[in-house]
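Participant: Kindly generate the corresponding structure for this input.
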Amino acid sequence: MWQKKGLIYNPQGGDDDWINNSVLTPEPFMLNDDVIRVYASFRDKNGIGRIGYLDLSAKNPSEILKISETPVLDLGKTGRFDDNGLLLGNVIRVKDKIYMYYAAFQLVKKIKFFGFGGLAISEDGGETFTRVQETPVLDRVPEALFGRAPHTVMYENGIFRVWYSVIYDWTFINGIPYPTYDIKYTESENGIDFPKEGIQCIKCKNDEYRIGRPKVRRLPNGKYEMRYTSDNMKKEYRSGYAESDDGIHWTRKDELSGLNPSGGTAWDSDEACYPVVCETKYGTYMFYDGNGMGRQGFGYAKWEDN
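Facilitator: Next up is the predicted model:
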């Protein structure tokens, strides 16, 4: 079962720091057998995110070895689709390069934002990334009028398999607009050009109005598991779980997520969200965000056999 091990990092930056008030969507990437590089979106005092990283000991992830001094991927140029914040999606090795998929935000006048998917590539081992283009790779289409955000990308047999969130509407709760989205699947031969329509994977149920950040993992038995985060009209932000034989058709089994808020006054007392699993030679870890979608930092749990 999953045993929580505690908080890893909570930014306490000054007014001018790009790492100021939160760590969004931590994404573990094995730099080598002994170092887990956790890429994440670090937000400044205005809530605008840039991508940076923390290097952690694979033997003891609570030990921080290094924090990036500057963003590995900064904001896009003024007027571009990614000029007002970046949210990390997935980081994968593709041959001798490292691909970083991300969701990007652009402010518009009559709704809260647009949020479409970009791609940047590193050729220096993950220290810096360069955009492949200044337009989205997952752009505006009829299925996603307000956003398409890639969260898991697998490169298998020469095909990019992508699980992503589709923002198709807005839900108002107490007069505040929140993006309404669910989860779809698509494929690409080059990782840049994608179909305009994806395959529905998981939709909201009951009083949920959004379900997203799908993190998919292929298990040793060939099946797939997905971890995601949902929100409902009561503003209960929760982690969920689903299983699939093919990665396309899914069965929700949220009771098996193994991740719930801790209660009390803990850093994850109210929220335990954006879970992602990382396997190492020292054990299997689950990294996740705490209260305020990362405003109180991120931490981890470890799988321990009973």
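Participant: Contact partners for the nearest residue to Ile192 once chain neighbours are set aside?
Facilitator: The spatial neighbour of Ile192 that comes closest, neighbours along the chain excluded (Cβ to Cβ, 6 or more residues apart in numbering), is Val137 at 5.1 Å. All C-beta spots, glycine's among them, are computed from the backbone N, C-alpha and C. Val137 sits next to 101, 117-119, 150, 191-194 when contact means Cβ atoms under 8 Å, 6 or more residues apart in numbering.
Participant: and the gap between Val137 and Ala149?
Facilitator: From Val137 over to Ala149 the distance is 11 Å, taken as Cβ to Cβ, to the nearest Å.
Participant: between these two, what contacts are shared?
Facilitator: The overlap between the contact sets of Val137 and Ala149 (Cβ under 8 Å, 6+ apart) consists of Gly117.
Participant: For this protein, give the strand that spans the most residues.
Facilitator: Residue-count comparison of every strand in the chain, with assignments taken from DSSP state E, identifies strand 159-173 as the longest.
Participant: which helices and strands does it pack with?
Facilitator: With contacts taken as 3 or more Cβ pairs under 8 Å, 6 or more residues apart in numbering; DSSP states H and E, strand 159-173 sits against strand 147-156, strand 176-188, strand 208-218.
Participant: okay, the angle between it and strand 208-218?
Facilitator: Per axes from the mean of the first three to the mean of the last three Cα atoms, to 10 degrees, the angle that strand 159-173 makes with strand 208-218 is 160 degrees.
Participant: Tell me which residue lies farthest from the centre of the protein.
Facilitator: For the chain, the C-alpha lying farthest from the average C-alpha position belongs to Asn306; by Cα atoms, centre = their mean, that distance is 29.3 Å.
Participant: can you tell me the distance between the two ends of stretch 109-117?
Facilitator: The first and last residues of stretch 109-117 sit 20 Å apart, counting by Cα to Cα, to the nearest Å.
Participant: same thing with stretch 142-153?
Facilitator: Across stretch 142-153, the straight-line distance between its terminal residues is 22 Å, by Cα to Cα.
Participant: what is the rounded mean pLDDT of it?
Facilitator: Regarding stretch 142-153, the rounded mean pLDDT is 97.
Participant: For it, buried residues please.
Facilitator: Of the residues in stretch 142-153, those buried under the neighbour-count criterion (16 or more other Cβ atoms under 10 Å) are 143-144, 146-153.
Participant: And stretch 124-133, by the same measure?
Facilitator: By neighbour count, and taking 16+ other Cβ under 10 Å as the criterion, the buried residues in stretch 124-133 are 126, 129, 131.
Participant: of the residues you listed, closest to Met293?
Facilitator: Distances from those to Met293 were compared by Cβ to Cβ; the smallest belongs to Phe129, at 23.3 Å.
Participant: Is the closest one in contact with Arg50, as I believe?
Facilitator: No: when contacts are counted by Cβ atoms under 8 Å, Phe129 is not listed as touching Arg50 (11.3 Å).
Participant: which residues are in contact with both of the two?
Facilitator: Leu73.
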